[in-house]
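Trainee: Predicted model follows, preceded by the sequence.
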Amino acid sequence: MFLIKDHICRAGKDICEDAIGWGSHYLFAMDGASGLTGTHLMDAGSDAAWFASGIRDGLCRVLDGGDRRSTAEILLQLTAELRRDYEDRAAELGTEVPPDSPSAGIALFRELEDGTVEFFGLGDCVGALRTRDGRTLWSCDDALPALDGGVIARMAQLHQDQGCTVLEARRQCDALLLRNRQLRNTRGGYWILDPSGDGIPHARVLRWRREEVESLSAFSDGFAQLSAPFRIYPDYGKIHDQMPQTSLQALLEQVYTAQEADPDGNCFPRLKFRDDACALWAQVTP
């Protein structure tokens, strides 16, 4: 059983595109990818928020109901349902599905029927785990951060060349961001959760015996800024290790303080001043 000790989900600006969910035998964090073209089809704050909340609600419903199917099978069903809704709305509005149709990263821990704890990850949401023998392990995609890092490097170069701030330079990088977005669920690009379901077979899947696991956490890249770019903690595992001593609200306040000390992104280059952030952690009963 997972004993949820703390959770948080905060918007960076007006609309929160992160989502969290949990139950007695699962927890997850999601990070919806903000739209780049301004297209907004669904009845939600944004299409990314609609997608993340739709997956969240579906996962909680299915997992609370005791569904024994694999995580991949469950997500394939949920994404297919959302894809139909999205395509139907596009047809109703007489428009094409946009090139930045919604997607989301996910880090999910689930206790399976055989007594194992499974991690299922897509994108740059982080899953972290501490074993009873004192090891802290974590998993996060490296392909998507590398693509984002290329954009951030370009923004930093424009700052140097033109005298604009790093965050002001973001406007000149929209085409590069969109080109990267179109690499999703392709070899040589990155694997992510989206209505096509194409990334699901490529998820990072790890398993441990339940008796090996002491605690676990999942958090979005906005919360992971505690490590990158702000280096308040040296790695994602150290963020997890801090959670029993420091509330998630207090940890997020450390991110906010660092952001406010660097409002232009010139010292710690990043894509936006403040990202959505979510996190939750649990102890695992022996």
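Mentor: Happy to help now that I have it.
Trainee: Excluding chain neighbours, give the residue nearest to residue 100 in space.
Mentor: residue 36 (4.4 Å; C-beta to C-beta, 6 or more residues apart in numbering). Using the backbone N, CA and C atoms, a C-beta is placed for each residue, glycine as well.
Trainee: how about the one you found, secondary structure?
Mentor: coil (DSSP: H, G, I helix; E, B strand; the rest coil).
Trainee: per-residue confidence for it?
Mentor: Here, the pLDDT recorded for residue 36 equals 94.
Trainee: and it, how far is that from residue 96?
Mentor: 15 Å (C-beta to C-beta, to the nearest Å).
Trainee: Of these two, which one has the most company?
Mentor: residue 36 (15 against 10; other C-beta atoms under 10 Å).
Trainee: Counting neighbours, what do you get for the residue nearest to residue 209 when sequence neighbours are not counted?
Mentor: Excluding the flanking residues, the one nearest residue 209 by C-beta to C-beta, 6+ apart is residue 116, at 6.0 Å. By the measure other C-beta under 10 Å, the count of residues near residue 116 is 15.
Trainee: With residue 204 instead?
Mentor: Residue 204 has 15 nearby residues by other C-beta under 10 Å.
Trainee: Next, it: phi, psi?
Mentor: Torsion angles at residue 204 (phi, psi; degrees, to the nearest 10) stand at phi -80, psi 120.
Trainee: Hmm, it is touching residue 124, no?
Mentor: No. Taking contacts as C-beta atoms under 8 Å, residue 204 lies outside contact range of residue 124: 11.1 Å.
Trainee: Are there residues contacting both of these two? Which ones?
Mentor: Jointly contacting residue 204 and residue 124 under the rule C-beta atoms under 8 Å, 6 or more residues apart in numbering are residue 141.
Trainee: now the strands for the stretch 101-250 of the chain?
Mentor: Along the stretch 101-250 of the chain, the stretches classed as strands by DSSP state E, counting those that start in this stretch are 104-111, 116-122, 126-131, 136-139, 204-209, 213-219.
Trainee: and the residue nearest to residue 100, what does it touch?
Mentor: By C-beta under 8 Å, 6+ apart, the neighbours of residue 36 are 100, 174, 177-178, 181.
Trainee: Inside helices: which ones of those?
Mentor: Among the contacts of residue 36, the members found in helices (DSSP state H) are 174, 177-178, 181.
Trainee: buried subset of these?
Mentor: With burial judged by 16 or more other C-beta atoms under 10 Å, the buried subset of the ones in helices among the contacts of residue 36 is 177, 181.
Trainee: from the ones in helices among the contacts of residue 36, which is closest to residue 269?
Mentor: residue 177 (14.3 Å; C-beta to C-beta).
Trainee: mind checking pLDDT for that closest one?
Mentor: pLDDT at residue 177 comes out at 96.
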